[in-house]
Each structure stands twice: as C-alpha cells, then as structure tokens.
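In: mind looking at a prediction? Sequence and model below.
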Amino acid sequence: MKKIIINIVLILTFFIIYFLQSNFFSWFNIAGIMPNLFVIYALFIGLFANKPMGVTYGILAGVILDLTIGKKIGINTISLGIIGFISAVFDKNFSKDSRMTIMFMVLGTTIIFEITNLLLNYILIGFNLEIINCAKILAIETAFNIIITIIIYPLIQKSGYYIENEYKQNKILTRYF
C-alpha cells in the first residue's frame, strides 16, 4: 500500500515539475535557457528507489515530454532513461548523505543528458551543432540545476530516504557486507 502511495506521489510530482518547467521557468530564464527539472527528477528516483524504477520513470517522463514538446519521439525518452540508469550506478558507488555529492551527481547527469540530447538531435533531425552555443546552454542549464538542487536538497533527502526505506528495506545491510 505504501508503494502505491509513493508511486502516486511521484506521478503527481511529475505533473508539478511539468507545470513548473512549462509555465513558471519560462518567465525566469537566462538567455532563453531554463533549468531541466526532469534530470533532477530521474536522478532522484534512480538514487533512492532502484534501477528499474529509475529507468521506468525516466522513460515514461521522456515519452510524455516527447509527445508534448519534443520535435522527435525518442530523444528525451532515451536521454532520461540513461539518467535513470546512471543514477542507480551512482547509488552503488557514492553516498547520498552529502549535499556536495548530490550536486556533483546533478552536474554529471545534466552534462550527460545535454550531450546525449544534442547528439540524438544531430543524428535524428540533422540539428546543426554549434559548439559555443551548446557550451553556453550546457553551462547555464547546469548552473540552474545545481542551484535548484541546493534549494530543494532537504526535501530531496527527507523524501528520498523514506522511499529508499520502502523499496530497499531488505538490502540495506547487504550493501555494506
């Protein structure tokens, strides 16, 4: 029953993030570049739940984004699915207790997401790659994501450990021995 409630809350969180991304942050941007909250969302689920759940939520979020705002179906799907997978790898190799570690994870996943997204756009659409423009987008979006992570870190940590206790309750001690 708790897992069903957690999944409902995660789905509602997706819609809140979608609203923030499409409406609120369209007013607060730098040079037309907004933060990408979906990267933080997929990272959060993969870190605190488990690998299949992180990949599944990443893919579902990507499909919805591709259907609503994407140019081609599959670009955001693949990128967010990769983020969900990588975040589960981060969970096994790094501690989630430090704010700095989480910030570096957000930094890495944002860079991976943007590079994957740009390469897929280049391959599938024939998007013209301009290195300076891509570097500017990457730098501003990464800074935005890190600032948002700093602001919402207490919420991420508290809700994340609740989800982790529910999904990984049997695996906590085996991870260290």
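Out: Thanks, I have it. Numbers count the residues shown, from 1 in each chain.

In: list the buried residues of the helix or strand bottoming out on mean pLDDT in the chain.
Out: Using mean pLDDT, DSSP states H and E, the weakest-scoring helix or strand in the chain turns out to be helix 25-27, at a mean of 82. Buried residues in helix 25-27, counted by 16 or more other CB atoms under 10 Å: residue 25. In short, each C-beta sits where N, CA and C put it, glycine included.

In: centre of the chain to it, how far?
Out: Relative to the chain's own centre, helix 25-27 is displaced by 19 Å; criterion: CA atoms, centre = their mean, to the nearest Å.

In: residues contacting residue 17?
Out: Applying CB atoms under 8 Å, 6 or more residues apart in numbering, we find residue 17 in contact with 37-38, 41.

In: in the helix or strand hosting it, what counts as buried?
Out: Taking DSSP states H and E as the definition, residue 17 sits inside helix 2-19. Buried residues in helix 2-19, counted by 16+ other CB under 10 Å: 6, 10, 13-14, 17-18.

In: out of those residues, which comes closest to residue 97?
Out: Within the buried residues of helix 2-19, the smallest distance to residue 97 is 21.0 Å, found for residue 6 (CB to CB).

In: residue contacts, that closest one?
Out: Contacts of residue 6 (CB under 8 Å, 6+ apart): 162-163, 166-167.
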